[in-house]
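Engineer: Give me coordinates for this.
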Amino acid sequence: MASTLITVAPTGAETAKADCPALPTTLDELVETAKRCEAAGAAMIHIHIRDGEHKPTLDLGRLTETVAAVRENTALIVQLSTGGAVTDPYDHRLRVLDAVPDSCSLTMGTVNFGDDVFMNPWPFVTQLYQLTQEREVVPEFELFDLGHVAALHRLLGTYGLPYGERVHCDLVMGVPGGMPGTADALVAAVNALPDAVTSWSATGIGRTAITVALAALSKGGNLRVGMEDTLTLAKGQPVTHNAELVERAATLATLAQRPPMSPDEARSLLNVKR
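Structural biologist: Below is the predicted model of the structure:
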């Protein structure tokens, strides 16, 4: 039976701990979240970390400690964000790979991000991509609009396949400034993906979460969920733990007759180092 890769993105860099106390920002909270989400059906975790004041950081010591702790306590594929916060300098974002994750995010272009701009100029994209090939880290190409899909064609055509020779993408939909979180937008993006793409996921921000999840499952894709992207289960119903979002995704995937895959199955799908 076909199965579904569920990725959990538990924290992000945008939401303040003071505004959402349930957001996992300490190492202990992150490990507890990883364990519960694995039990609920997640196979990969997309990690942003926070400092002692709960502010976004790319501190290499904290990143390395986080990777080790999640590996020690779960079988999840550990994916680190190379986006950080929109203010993080490029050299700090490249340094994320020094923490030796299984996977990392690789955003394929600049995008307006609410009132901010998430900068990913072509020279940075290509430098990060070549570093993932050298370090044997599997990238997940994050695509916020159709221009990013076109850039992925260009990247693969110029620099070849990633480490592991599998091409996995995540459509990030519903960000103010990116493509809308609609079924039509998802179908357009998926139909434009390079032939080399072997798997893809979709993320619906905020109230687009259910629409995007259902469209992705219908189109044969996988799911990313978590409090980085969604803070309510429904209007007036806040998320109290990331596991709730993973459980909902697992239920939808099972209804689609594509139940959640295990971390071991996900490693085979993405050809991540064991």
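Engineer: which residues of the stretch 1-150 of the chain fall in strands?
Structural biologist: Under the criterion DSSP state E, counting those that start in this stretch, the stretch 1-150 of the chain carries strands at the ranges 6-8, 44-47, 49-50, 56-57, 77-80, 103-107, 111-113, 116-118, 138-143.
Engineer: Parallel or antiparallel, which strands does the third one pair with?
Structural biologist: Yep, that's strand 49-50 we're talking about. Paired strands of strand 49-50, with direction, are strand 56-57 (antiparallel) (DSSP bridges).
Engineer: what do you get for the first one?
Structural biologist: Note on strand 6-8: by DSSP bridges, its sheet partners are strand 44-47 (parallel), strand 222-225 (parallel).
Engineer: Please identify the most buried of those strands.
Structural biologist: Scoring the strands paired with strand 6-8 by mean neighbour count under mean count of other C-beta atoms under 10 Å gives strand 222-225 as the most buried, with a mean of 30. (Glycine included, C-beta is placed from N, CA and C.)
Engineer: Just after that strand, pick out the following helix or strand.
Structural biologist: Following strand 222-225 in sequence order, the next helix or strand is strand 232-234 (DSSP states H and E).
Engineer: what helices or strands is that next one leaning on?
Structural biologist: In terms of contacts (3 or more C-beta pairs under 8 Å, 6 or more residues apart in numbering; DSSP states H and E), strand 232-234 is packed against helix 242-255.
Engineer: For the helix it packs on, name the packing helices and strands.
Structural biologist: strand 6-8, helix 27-40, helix 209-218, strand 222-225, strand 232-234.
Engineer: Include mean pLDDT when you put these into JSON lines, please.
Structural biologist: Output for the helices and strands packed on helix 242-255, formatted as JSON lines (pLDDT from 0 to 100):
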{"stretch": "strand 6-8", "mean pLDDT": "98"}
{"stretch": "helix 27-40", "mean pLDDT": "98"}
{"stretch": "helix 209-218", "mean pLDDT": "98"}
{"stretch": "strand 222-225", "mean pLDDT": "98"}
{"stretch": "strand 232-234", "mean pLDDT": "96"}
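Engineer: for those, which one sits closest to Cys169?
Structural biologist: The closest of the helices and strands packed on helix 242-255 to Cys169 is strand 222-225. By C-beta to C-beta, the value is 9.9 Å.
Engineer: distance between that closest one and the chain's centre?
Structural biologist: Strand 222-225 sits 8 Å away from the centroid of its parent chain (C-alpha atoms, centre = their mean, to the nearest Å).
Engineer: again with stretch 142-158
Structural biologist: 16 Å.
Engineer: what's in contact with that stretch?
Structural biologist: For stretch 142-158, the external contacting residues (C-beta atoms under 8 Å, 6 or more residues apart in numbering) are 83, 105-109, 111, 118, 122, 125-126, 129, 141, 167, 169-172, 175, 177-179, 188-189, 192-194, 196.
Engineer: Could you turn the buried ones of these into a ChimeraX selection?
Structural biologist: Listed next is the ChimeraX selection for buried residues among the contacts of stretch 142-158, using 16 or more other C-beta atoms under 10 Å:
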select :83,105,106,107,108,109,111,118,125,129,141,167,169,170,171,172,175,178,179,189,193,194
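Engineer: looking at the strands of the stretch 1-150 of the chain, which is closest to Ala68?
Structural biologist: Of all these, strand 77-80 sits nearest to Ala68, with 9.3 Å by C-beta to C-beta.
Engineer: Who does that closest one pair with, and is each partner parallel or antiparallel?
Structural biologist: Here, using DSSP bridges, strand 77-80 pairs with strand 44-47 (parallel), strand 103-107 (parallel).
Engineer: report the angle between the axes of the longest one and strand 138-143?
Structural biologist: Between strand 103-107 and strand 138-143, the angle formed by their directions is 30 degrees, by axes from the mean of the first three to the mean of the last three C-alpha atoms, to 10 degrees.
Engineer: Averaged pLDDT, strand 103-107. What do you get?
Structural biologist: On average, the pLDDT along strand 103-107 is 98.
Engineer: what distance separates it from the middle of the whole chain?
Structural biologist: On the basis of C-alpha atoms, centre = their mean, the separation between the geometric centre of strand 103-107 and that of its chain is 8 Å.
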